[in-house]
Structure formats: C-alpha cells, structure tokens
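Enquirer: Following is a predicted model, sequence given first.
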Amino acid sequence: MKTPANVRAEIRKLYHETTPATVERDLRRAIALLKSLDTEAERARVAVFMDGLSQMRSEWILARRQAGKKRTATTSAARKTRGS
C-alpha cells in the first residue's frame, strides 16, 4: 500500500520526467495516483503538478499541430513552385 507521501513523490517525479512522447501516459498515471488519495487536502498538495502536466500536454499538442501545418504549407508551396 502506498502512503500519501509516496503517491505525491511519484506524481512529482512524473511531472519532472515527462516528455512530449510520454506525456499522455504520464498524465493518465498521475490521474490514477491522484484518485488513490483519500482527502481533498492530499489532492490539493499535488494539484500544481497535475496542472503542470496538463499544461505541458496542451502546449506540446499545439506545437505538434503547428509544426504539421508548417510542413503542409511548405510542401504545398514547393509543389506549386515545381508545377509552374
């Protein structure tokens, strides 16, 4: 059985070690750990890490979408140039 301190430490570790490739998995794991905490006070102590994970996921998803749009625009422009 994990103690609340162990759960907090694991969520904090997930926050510090997450990457764009692992953020979805890490956030799911952090949510499962958060649900295992019994009191709102315990949950409040890790809220900043949960919010941070969520923010990172949102930013990385947006960056990935923007990079995809740039690639698509560049590819389309190159095709138009070659076709002329």
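Expert: That came through fine.

Enquirer: residues near Q66, how many?
Expert: Here the count is done by other Cβ atoms under 10 Å, and Q66 has 10 residues near it. In this view, the C-beta of every residue, glycine as well, is placed from N, C-alpha and C.

Enquirer: What helix or strand is it located in?
Expert: For Q66, the host element (DSSP states H and E) is helix 47-83.

Enquirer: Any buried residues in that helix, and which?
Expert: Across helix 47-83, burial judged by 16 or more other Cβ atoms under 10 Å covers F49, M50, G52, L53, M56, R57, W60.

Enquirer: okay, those in TSV with distance to H16 and pLDDT next?
Expert: Shown next, in TSV, are those (distance: Cβ to Cβ, whole Å; pLDDT from 0 to 100):
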residue	distance to H16	pLDDT
F49	9	97
M50	13	97
G52	9	97
L53	10	97
M56	11	97
R57	15	96
W60	16	95
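
Enquirer: Now tabulate those residues in a markdown table and tack on distance to R28.
Expert: Below are the buried residues of helix 47-83 laid out as a markdown table (distance: Cβ to Cβ, whole Å):
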| residue | distance to R28 |
| --- | --- |
| F49 | 14 |
| M50 | 12 |
| G52 | 15 |
| L53 | 10 |
| M56 | 14 |
| R57 | 10 |
| W60 | 15 |
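
Enquirer: Work out which residue lies at the spatial centre of this protein.
Expert: In the chain, the C-alpha nearest the mean C-alpha coordinate belongs to R57, at 2.9 Å (Cα atoms, centre = their mean).

Enquirer: check contacts around that one.
Expert: V23, E24, L27 (Cβ atoms under 8 Å, 6 or more residues apart in numbering).

Enquirer: Contact partners for the first one?
Expert: Translated: V23. L53, M56, R57, W60.

Enquirer: Could you rerun that using 6 Å?
Expert: M56, R57 (Cβ atoms under 6 Å, 6 or more residues apart in numbering).
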